[in-house]
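Below are the sequence and a predicted model; questions follow.
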Amino acid sequence: MKKYLMTWYGITDIRASIQFGEITGPVLGALLAEDYTDVVILGFTNSSKKGADFHKDMRKIDCSNLLEVGGFIDSFSNTEESHEYFYQWLEEQLKHANKNTRIHFKQVNLQHLNDIEGIYEADILALDTVSAKKGEKLVTLYLSPGTSLMASAWSFAALKYPDLKKRLIASPCANSPPENVSLPSEWLEWHGKQVMTTSDCPEQYDVIFHLFGEQRMPALFGITHFSSKKHVFVNSEQFPADVMRQFIDDEQFDEISVSPFDPENVRSVIVKHIESFPSNARIGFNLTGGTKLMYAGAFSACKKVNATPFYFNSHANKVIYLNDFQSSDIKSIYSVEDFIKLNGGNLPIANTGHWGEIHNIDDPERGKLTQLLWNKRSLIVQLYGDKKLNKFNDKEGVDFKLSGKNISVELKNGRKATIKITENNGKEYSFSFLHWNNFARYLSGGWFEEYVYAGLQPLLDSKKIKDMRIGFEISANKGAKSNQENQGIYIAGSIYQEFDIVLTDGKRLYVIECKSGRRSKGEFVEKLSSITRQFGGVEGRGIVASCFAPEKVPKEKALQSSNVEWVFGEGLVDKIEAIICES
């Protein structure tokens, strides 16, 4: 009898093949743990990525530098070069272990990582090929490598082959051998019922179970998208779900604790919890979060009670019903504050960052000055650096007077602000304002934040973005009330995080860091990447908006980052808009 292992391969496998760390990788681990005659490996190929010189670049990597390792893997994963390297490495490892397994490697071009239709089609083609082979065979579908959608697609693709002898396996962690995952006898029965099920209210439920883990956005999408009388969060002790209470009424909230790497425990705990519900309760399962083995257990429980499973593909802005792979657009999240409250660790908001709350912001002369500073940005930057204009930033009302070539600025009597700019041809621009005691802060970069915000305002007006804030601040004082309720509670040094500009298009969070000066160091790129991931989740996007072209170090760091892009110079606002619209 021929024994086939069918699997996708992912980042952990390519990391193992490059030998960054001491892991074997899921695919090799499975092939070493059991004898297979054949292995069919599917590899996602991202046609937009082109690895330059895989071997040459790999030799340059400092294996002890996690950022370098991560940047290299991000650059070369899902490319033809990495596929070829992984294939050769796997072949050598099997030969060294005296395994006579034939490797069948197939590159799969997907629109993106969570292209469920492309994933499902690739699985069907692979299973068609194997099922057409003559003779007795056992097909093992490996659920651990790749994404959760890749795991679920194997399961549903197998439903099309009721006469094919098959089983499921999964690994509890990267270095552990795979374990059998029970194949419920009601697969076909459940699938048939689900496909035939119709409802006038497909987005209304009595109860929704949410798999809840480190990533919280899927749960928020579930609450926003569906109407439900009760939301039950399935989590481990490591990831309590109390943070979700602020988005629903107390009577709607419930949570149950499970062992995240024990699918049978997950299944049994959920099924027992359902016993208290009426027999005709309409139940949904949000299977997007949690671990893969939580997914397997919850999926089994879902089938046992004939509930409806769905998955939020935030990359494509789709909620996918896993019973028949029908999909619809995810409903929008309309407030930046929802993202911050979800991921802000219960820290209070110090400044909501509304444009209209900025003193004097609607003064037409201020708008003209902001535009002029953009046009003459090479002049204002003279006052940065050793001129130390920024030393007055946190000293509101302190007098100062600074000048450079063709530019002079002054704050007099702690309130009267003036600025003069002269062109080489003698043309002079002069502005004077009363009651502008934080003038230094504006000149040090606040003007550039206002320029970017004003440039993106048409996107807000046209509803292409749903919400946008400037100078949004989170306090480090956990016990404090919001700034609107308790004026003056925030003192210097109490701000946990400030965002120059933060916005949402309803699907993901964008954090824009505005840099009006020249930068030679790149540590702020890594910081922006971390902040964006913390508050925006895996789909968050960071943007460095710069007056000037980046120097070598920060440019390289931005290129290596998977969630930060750098825009600068002429057409800057159009470039930011292109990033948002493309996403």
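Nice, thanks for sending it over.

roughly how far apart are the residue lying closest to Pro263 once chain neighbours are set aside and Lys229?
In space, and not counting its chain neighbours, Pro263 is closest to Gly297: 3.5 Å by Cβ to Cβ, 6 or more residues apart in numbering. C-beta here means a position set from N, CA and C on the backbone, and glycine is covered the same way. Here the criterion is Cβ to Cβ, to the nearest Å. By it, Gly297 lies 24 Å from Lys229.

Ser268 too?
24 Å.

So this structure: which segments form each domain?
2-183, 189-331, 349-355+445-582, 359-443 (automatic domain parsing).

Nearest to Asn343, out of these?
domain 349-355+445-582 (4.7 Å; Cβ to Cβ).

next one: that closest one to chain centre, how far?
Centre-to-centre, domain 349-355+445-582 and its host chain are 15 Å apart (Cα atoms, centre = their mean, to the nearest Å).

Could you shift the numbering so residue one becomes 59, and keep it that way?
Noted, 59 is the first residue going forward, which turns the last one into domain 407-413+503-640.

What's the end-to-end length of it?
End-to-end distance for domain 407-413+503-640: 30 Å, by Cα to Cα, to the nearest Å.

what is the mean pLDDT for that domain?
The average pLDDT for domain 407-413+503-640 rounds to 85.

can you check stretch 85-99 too?
Mean pLDDT, stretch 85-99: 94.

and it, how far from the chain's centre?
The chain centre lies 32 Å from the centre of stretch 85-99; the measure is Cα atoms, centre = their mean.

Show residues contacting that stretch.
Outside stretch 85-99, the residues that touch it by Cβ atoms under 8 Å, 6 or more residues apart in numbering are 60-67, 71, 74, 82, 145, 148, 151-152, 155, 157-164, 184, 187-188, 198, 200, 203, 227, 229, 232-236.

what about the strands in the stretch 509-641 of the chain?
Listed in chain order, the strands of the stretch 509-641 of the chain (DSSP state E, counting those that start in this stretch) span 525-533, 553-562, 567-573, 599-604, 622-626.

Reformat those strands as TSV; add mean neighbour count and distance to Val127.
Output for those, formatted as TSV (neighbours: other Cβ atoms under 10 Å; distance: least, Cβ to Cβ, whole Å):
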stretch	mean neighbour count	distance to Val127
strand 525-533	22	31
strand 553-562	21	27
strand 567-573	24	25
strand 599-604	23	20
strand 622-626	20	18
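
quick revisit: name the residue in Gly355 and Lys287 with the higher neighbour count.
Gly355 (29 against 14; other Cβ atoms under 10 Å).

Can you name every helix or strand that the helix or strand harbouring the more buried one contacts?
If you go by DSSP states H and E, Gly355 is part of helix 350-362. Using 3 or more Cβ pairs under 8 Å, 6 or more residues apart in numbering; DSSP states H and E, the elements in contact with helix 350-362 are helix 206-216, strand 224-228, helix 245-254, strand 262-269, helix 321-332, strand 341-344, strand 366-371.

Same list, these, but as a markdown table with mean pLDDT and mean neighbour count please.
Shown next, in a markdown table, are these (pLDDT from 0 to 100; neighbours: other Cβ atoms under 10 Å):
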| stretch | mean pLDDT | mean neighbour count |
| --- | --- | --- |
| helix 206-216 | 81 | 22 |
| strand 224-228 | 87 | 19 |
| helix 245-254 | 51 | 14 |
| strand 262-269 | 95 | 23 |
| helix 321-332 | 95 | 19 |
| strand 341-344 | 95 | 26 |
| strand 366-371 | 92 | 22 |
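
In CSV, list the ones you listed along with distance to Leu447.
Converted to CSV, the helices and strands packed on helix 350-362 look like this (distance: least, Cβ to Cβ, whole Å):
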stretch, distance to Leu447
helix 206-216, 50
strand 224-228, 58
helix 245-254, 64
strand 262-269, 49
helix 321-332, 58
strand 341-344, 50
strand 366-371, 46
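
Let me see the ranges of the strands in the stretch 359-508 of the chain.
Going by DSSP E, counting those that start in this stretch, the stretch 359-508 of the chain shows strands at 366-371, 376-379, 385-387, 407-409, 458-462, 465-470, 474-480, 486-491.

could I get the ones you listed as CSV with distance to Leu207?
CSV is the format used below for the strands of the stretch 359-508 of the chain (distance: least, Cβ to Cβ, whole Å):
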stretch, distance to Leu207
strand 366-371, 6
strand 376-379, 8
strand 385-387, 12
strand 407-409, 34
strand 458-462, 56
strand 465-470, 55
strand 474-480, 55
strand 486-491, 55
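
between those, which one is nearest to Glu628?
strand 474-480 (19.2 Å).

could you measure Cys605 against Gly204, distance?
42 Å.

of those two, who's got more company?
Taking neighbours as other Cβ under 10 Å, Cys605 and Gly204 compare with Gly204 leading, 25 against 21.

Identify all residues paired with the residue lying closest to the more buried one once chain neighbours are set aside through a beta bridge.
Leaving out its chain neighbours, the residue that sits closest to Gly204 by Cβ to Cβ, 6+ apart is Trp66, at 3.5 Å. Taking DSSP bridges as the rule, Trp66 bridges to Leu100.

Trp66 contacts Thr103, correct?
No. Trp66 sits out of contact with Thr103 when judged by Cβ atoms under 8 Å, with a separation of 11.9 Å.

Those two: which is more packed in?
Neighbour count, other Cβ under 10 Å: between Trp66 and Thr103, Trp66 has more, with 28 against 16.

okay, that one: pLDDT?
Looking at Trp66, its pLDDT is 94.

pLDDT wise, what is Lys376 at?
90.

Pretty sure it sits against Asp387.
Yes. With contact defined as Cβ under 8 Å, Lys376 reaches Asp387; the gap is 6.5 Å.
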